[in-house]
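[1] kindly generate the corresponding structure for this input.
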Amino acid sequence: MQAVKAVRQNYHPTEEVLSLLEDFRCMVNDCIRIGLKENLTSMKSLSVKAYRQLSAYDVPTCYRLTAISRAAGILRNYRKELKKRGRSAKVPYVTRPSLTDCYGFRVVHRLVRLPIRNGEYAFIVLNDHTLCTISGHTPRSLTLTANGLSISYSKEIAEIDPVGSIGIDRNLDNVTTADSNGNILRHDLSRATEIRARCRETKSHFKRNDARVRRVLYGKYGRIQRNRVGWILHNVSASIVRRAKEKRFGIVMENIRGIRRLYRKGNGQGNEYRSRLNSWSFYELQRQIEYKAKCEGIPV
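    Next comes the predicted model:
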């Protein structure tokens, strides 16, 4: 079984790289516009219509295919939202500069070589953690943002034949696990709930009517909350997967998709109660457990 993982690091982009990210963003938006206008539903039909029009951008041709692929994925998600929400679905438009490449980039020693134009390249230095992680594996794709770099790679995993199972019950303040041997373990998540409440209260004190300052402030405390809560969930999910691997157990999780419908406005619940429940990161914990278990060959 093959598992795909990614490693991320920060970097300082040059003007050439920033210009390339902006061109790629515009290419994706052009593909989205063409797809909406022509009512295209597949990557093949979008490629036929958009490939030649993207020649107006002075970038290597390898980026045309990845821009079309990304636009096709965005259009696919938009059509799902359209069926689900009707006219209230937001028309897609990419605002943040980014780039995805799986054809032209190369990892050379400590450097990532990225084609800018024909015969011209940009080089990004990889740190020790990234080099150690991808060592012995073949890089599959590269994703760049204005301040981050992510390299995905694949590796072969031997799947475990489980002799039992671990059941996971996700709650707001804790995660409770029970295995086939009758052992019950409770992981405390009250600190994550407290962090969300503290960040929410801090943002509620902002009174200045300035969208630019509000964007900076909300972004700052959003990052603080995401990083701190993510670290707590990482430790819990890693502990559960490690225990399942040691005992050769499979993992079973309840399906609580759509639970947020219970906490909508107008249900007779207070603002504080609804805000606490709607900030519950139940799917993030599931996502972390699933990808970590897959990397260890544990069925979920």
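
[2] helix/strand/coil for Leu233?
    Taken by DSSP: H, G, I helix; E, B strand; the rest coil, the conformation at Leu233 corresponds to helix.

[3] outline the domain layout of this protein.
    Recorded structural domains for the chain (assignment: automatic domain parsing) are 2-156, 164-295.

[4] JSON lines for these, including mean pLDDT and mean neighbour count?
    From N, CA and C alone the C-beta is placed, and that goes for glycine too. As requested, the domains of the chain are exported to JSON lines (pLDDT from 0 to 100; neighbours: other CB atoms under 10 Å):
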{"stretch": "domain 2-156", "mean pLDDT": "90", "mean neighbour count": "16"}
{"stretch": "domain 164-295", "mean pLDDT": "88", "mean neighbour count": "15"}
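
[5] looking at strand pairing, list the partners for Leu114.
    Ala122 (DSSP bridges).

[6] ditto for Gly167
    Here Gly167, judged by DSSP bridges, has bridge partners Ala178, Val252.

[7] my read: it touches Phe249, true?
    No. Counting by CB atoms under 8 Å, Gly167 stays clear of Phe249, with 9.8 Å between them.

[8] so how far is stretch 114-128 from its chain's centroid?
    24 Å (CA atoms, centre = their mean, to the nearest Å).

[9] kindly export that stretch (C-alpha atoms) in CSV.
    Extracted as CSV, the C-alpha positions of stretch 114-128 are listed here (Å, rounded to 0.1, in the frame of the first residue of the first chain):
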residue,chain,number,x,y,z
LEU,A,114,12.0,25.8,-9.9
PRO,A,115,11.7,26.8,-13.6
ILE,A,116,10.8,30.5,-14.0
ARG,A,117,11.1,30.9,-17.7
ASN,A,118,12.8,28.9,-20.5
GLY,A,119,16.3,28.3,-19.3
GLU,A,120,15.8,30.4,-16.1
TYR,A,121,15.5,28.9,-12.6
ALA,A,122,14.8,29.9,-9.1
PHE,A,123,16.4,28.1,-6.2
ILE,A,124,15.0,27.6,-2.7
VAL,A,125,17.2,26.2,0.2
LEU,A,126,15.7,23.3,2.1
ASN,A,127,16.2,23.0,5.9
ASP,A,128,17.6,19.9,7.7
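
[10] all strands for the stretch 1-150 of the chain, in order.
    Secondary structure of the stretch 1-150 of the chain (DSSP state E, counting those that start in this stretch): strands at 2-10, 98-101, 106-108, 111-117, 120-125, 138-145, 148-156.

[11] residues touching Ser47, list them.
    Leu65, Ile68 (CB atoms under 8 Å, 6 or more residues apart in numbering).

[12] quick one: stretch 281-299 to chain centroid distance?
    On CA atoms, centre = their mean, the centre of stretch 281-299 falls 13 Å from the chain's centre.

[13] residues making contact with it?
    Contacts of stretch 281-299 (CB under 8 Å, 6+ apart): 1, 3, 5, 155, 157-160, 162, 168, 170, 175, 192, 229-230, 233-234, 236-238, 240-241, 244-245, 249-251, 253, 256, 259, 300.

[14] give the contact list for Ser190.
    Taking CB under 8 Å, 6+ apart, one finds Asp173, Asn174 in contact with Ser190.

[15] repeat that with 7 Å
    By CB atoms under 7 Å, 6 or more residues apart in numbering, the contact list for Ser190 reads Asp173.

[16] and Ser154, what is it in contact with?
    Gln2, Ala3, Val4, His137, Thr138, Arg140.

[17] related to what we said a few turns ago, among the strands of the stretch 1-150 of the chain, which comes closest to Ala56?
    Closest approach to Ala56 among the strands of the stretch 1-150 of the chain (CB to CB): strand 111-117, 14.3 Å.

[18] give me the angle between that closest one and strand 138-145.
    60 degrees (axes from the mean of the first three to the mean of the last three CA atoms, to 10 degrees).

[19] quick check: angle from strand 111-117 to strand 120-125?
    Going by the same axes, to 10 degrees, strand 111-117 makes 150 degrees with strand 120-125.

[20] what's next to strand 111-117, contact-wise?
    So strand 111-117 is contacted by 16, 20, 58, 60, 62, 104-106, 121-126, 142 (CB under 7 Å, 6+ apart).

[21] how about a cut-off of 6 Å?
    Glu16, Leu20, Pro60, Gly104, Phe105, Arg106, Tyr121, Ala122, Phe123, Ile124 (CB atoms under 6 Å, 6 or more residues apart in numbering).
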